[in-house]
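J.: mind folding the following:
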Amino acid sequence: MTNSKDVILIGAGIMSATLGTFLKNLEGEWNLKMFERQNAPALESSNELNNAGTGHAALCELNYTVEQKDGSIDVEKAKEINEQFEISKQFWSYLVKNKALDEPESFIRPLPHISFVQGKENVNFLKNRYEALKSLPMFEGLTYTESHEEIGQWIPLMINGRDKAESIAASKVDYGTDVNFGELTRKLVTNLQTQPNTAVSFNHEVDGFRRLDNGKWEVKVTNLETGATEFHSADYIFIGAGGHAIPLLQKTGIPESRNIGGFPISGAFLVCNNPDIVSQHGAKVYGKEPKGKPPMTVPHLDRRYIDGKESLLFGPFAAIGPKLLKYGSNTDLFKSVNRFNLLTMMSAGLKNIPLVQYSIEQVLMKKENRMEELRRFVPDAKDEDWDLHIAGKRVQVIKDTNEYGRGYIQFGTEVVNSQDHSVIALLGESPGASVSVHVALDIIDKNFPAYKEKWLDKLTEMIPSYGQSLISDSTLLKEIRNNNDKILKLN
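T.: The predicted structure follows:
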């Protein structure tokens, strides 16, 4: 036990649950503590009702295939995201095979992924995207059509009532998935609670950090049920607290926490639970963001399986507000602004006026306005079949960079590491949960270099493609994908 380490995970979302599961498989005798301010896991961003775009594999999400100035399509990001999702499936398959996860159909199901566009310009883009992807092994089976009749066979709900003269196109992959990250997180946390040298504490909020003379961290925690203050020691701290990660990172005082801020955006979706309507749409369908709008505006209509019920979610719609968490405080944003990031935040506001305007427009939207957006996807949509659901918070990372200057808003996932690797924080959002396993592996590679050789065999057992490229090795990709899909009951 002399070589045992103390690890504290802050937040009981998909990322803390994933990293904690990795560490317990790699070093079972390490002491692991997880603190969550809510009374259960997965109540914020990881919750299945707080996110609609699940199972990101770049099969249908068009913002991962960017059109270049010469008209060509850059597919590199799509290949990266696809590989990262396959890595997630490998880890889940390992856990299912070893009975750490049961009933995979409760958190992952097969669901076709479809891209759908309108207008000649977007049709040309989708056709070029199809041509760029169709010969890649990662996107084998991708099909494309501009036929209203064929699209109607794929997604009848989106064709009924549509003008037959409208220029539209769609591409489809049948081996996409719908992932319930809320259920997956709950299963991972439940399994962690059964492990030795592991403690999961709900209703416990981390308040502060202090570096001790011995190099460890003292973490101040409040028991929200009793009001008692607790102090816990840690060699490593992982901050996986969603939007609240930024203020917690700031409290560590590490240099890497400076010049970082966040722009909170609330998500909202139109939800349909009418079984007659739901039965007409069995796919995850992504469109193209409106011209001049940020990537977060990409419309999508997803078939979802939640708590044994089937529903449709359309969105996203956005709103601005000062809370960094859905169940946070209206003072969150203001408390996160300090002397180190004030200029960063101000610069971001000045540089991103269209984003601010978009958010204000979204706040002012009424249901009839949202229904108008929906009818671009579902022409016959009726008001009485759809209800507005306020989803979770996502916080766009704002930082200073050498390439883009001060106040750059980053769309995506960001990991911040202290120089001595003792503090790790996960910031940002989409594709987030879908690539959580890749992010955990990246954290392990960068922050535990002394253990790399010792852990290699176990990491390869959990992730058979570890250290290899699924992008360049099509034989390995096919073998691993087929094996994963069999274990996860996807084929």
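
J.: pull the contacting residues for Arg14.
T.: Careful, residue 14 is Ile and not Arg. If you count contacts by CB atoms under 8 Å, 6 or more residues apart in numbering, Ile14 has them with 42, 46, 181, 184-185, 188, 432-433, 436. Any C-beta I mention is one placed from the backbone N, CA and C, and that applies to glycine too.

J.: report the buried residues of stretch 464-471.
T.: For stretch 464-471, the neighbour count (16 or more other CB atoms under 10 Å) marks 464-466, 470-471 as buried.

J.: what's the spacing between that stretch and its chain's center?
T.: Relative to its chain's centre, stretch 464-471 lies at 22 Å (CA atoms, centre = their mean, to the nearest Å).

J.: please save the CA atoms from it in CSV.
T.: The C-alpha coordinates for stretch 464-471 follow below in CSV (Å, rounded to 0.1, in the frame of the first residue of the first chain):
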residue,chain,number,x,y,z
PRO,A,464,-7.7,-3.6,-28.1
SER,A,465,-6.8,-0.9,-30.6
TYR,A,466,-4.8,1.1,-27.9
GLY,A,467,-1.7,2.5,-29.6
GLN,A,468,-3.0,1.6,-33.1
SER,A,469,-4.9,3.6,-35.6
LEU,A,470,-8.4,2.5,-36.7
ILE,A,471,-8.2,5.2,-39.3
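
J.: and it, average pLDDT?
T.: For stretch 464-471, mean pLDDT is 97.

J.: if we can go back for a sec, which of the buried residues of stretch 464-471 lies closest to Asn31?
T.: Tyr466 (25.6 Å; CB to CB).

J.: isn't Glu256 right next to Gln419, touching?
T.: Yes - counting by CB atoms under 8 Å, Glu256 touches Gln419, with 7.3 Å between them.

J.: which of those two has more neighbours?
T.: Using other CB atoms under 10 Å as the criterion, Glu256 and Gln419 rank with Glu256 on top: 14 against 9.

J.: can you get me a residue count around the closest residue to Ser106 other than its chain neighbours?
T.: Distances taken as CB to CB, 6 or more residues apart in numbering put Glu183 closest to Ser106, at 5.5 Å, once the chain neighbours are dropped. Glu183 has 20 neighbouring residues, counting by other CB under 10 Å.

J.: distance of Glu183 from Arg210?
T.: To Arg210, Glu183 is 37 Å away according to CB to CB, to the nearest Å.

J.: run through the helices of the stretch 151-300 of the chain in chain order.
T.: All helices of the stretch 151-300 of the chain, identified by DSSP state H, counting those that start in this stretch, fall at 156-159, 181-193, 245-252, 275-278.

J.: for these, please prepare CSV with the additional fields distance to Ile14 and mean pLDDT.
T.: Listed next are the helices of the stretch 151-300 of the chain as CSV, based on distance: least, CB to CB, whole Å; pLDDT from 0 to 100:
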stretch, distance to Ile14, mean pLDDT
helix 156-159, 30, 98
helix 181-193, 5, 97
helix 245-252, 13, 94
helix 275-278, 26, 96
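
J.: hmm, back to that, for the residue nearest to Ser106, list the residues it contacts.
T.: 42, 48, 106-107.

J.: make a markdown table out of the helices of the stretch 151-300 of the chain and add distance to Phe125.
T.: Below are the helices of the stretch 151-300 of the chain laid out as a markdown table (distance: least, CB to CB, whole Å):
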| stretch | distance to Phe125 |
| --- | --- |
| helix 156-159 | 18 |
| helix 181-193 | 30 |
| helix 245-252 | 35 |
| helix 275-278 | 29 |
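
J.: ok, which of these comes nearest Pro316?
T.: That would be helix 181-193 among the helices of the stretch 151-300 of the chain, by CB to CB, at 15.9 Å.

J.: which pair of the contacts of Ile14 spans the longest distance?
T.: Put simply, by CB to CB the two of the contacts of Ile14 set farthest apart are Leu188 and Gly432, 15.3 Å from each other.

J.: residue nearest the centroid of this structure?
T.: Central residue check for the chain by CA atoms, centre = their mean: the C-alpha nearest the mean position is that of Gly432, 2.3 Å away.

J.: tell me the contacts of it?
T.: Gly432 touches 14, 45, 56, 413, counting by CB under 8 Å, 6+ apart.

J.: again, only this time at 10 Å
T.: 13-15, 45-46, 51, 53-54, 56, 181, 242, 394, 412-413, 426, 439 (CB atoms under 10 Å, 6 or more residues apart in numbering).

J.: now those: which count as buried?
T.: 13-15, 45-46, 51, 53-54, 56, 181, 242, 394, 413, 426, 439.

J.: among those residues, find the lowest-pLDDT one for me.
T.: Scoring the buried ones among the contacts of Gly432 by pLDDT puts Gly53 last, at 54.

J.: what bits of the stretch 301-450 of the chain have low per-residue confidence?
T.: The stretch 301-450 of the chain contains residues with pLDDT under 70 at 319, 353-364, 429-431.

J.: let me see the ranges of the strands in it.
T.: Taking DSSP state E, counting those that start in this stretch as the criterion, the stretch 301-450 of the chain contains strands spanning 309-320, 387-401, 405-410, 413-417, 423-428.

J.: what of the stretch 151-300 of the chain?
T.: 168-173, 177-179, 198-201, 204-211, 217-223, 229-234, 236-239, 260-272, 284-286, 300-306.

J.: neighbours of Asn31, how many?
T.: Neighbour tally, Asn31, other CB under 10 Å: 19.

J.: would you agree it is in contact with Asn3?
T.: No - here Asn31 does not reach Asn3: they are 11.8 Å apart, not a contact under CB atoms under 10 Å.

J.: residues near Leu459, how many?
T.: 20.

J.: nearest spatial neighbour of it, chain-adjacent residues omitted?
T.: Tyr466 (4.9 Å).

J.: that neighbour is in contact with Leu456, isn't it?
T.: Yes - contact criterion CB under 10 Å: Tyr466 and Leu456 qualify, at 8.0 Å.
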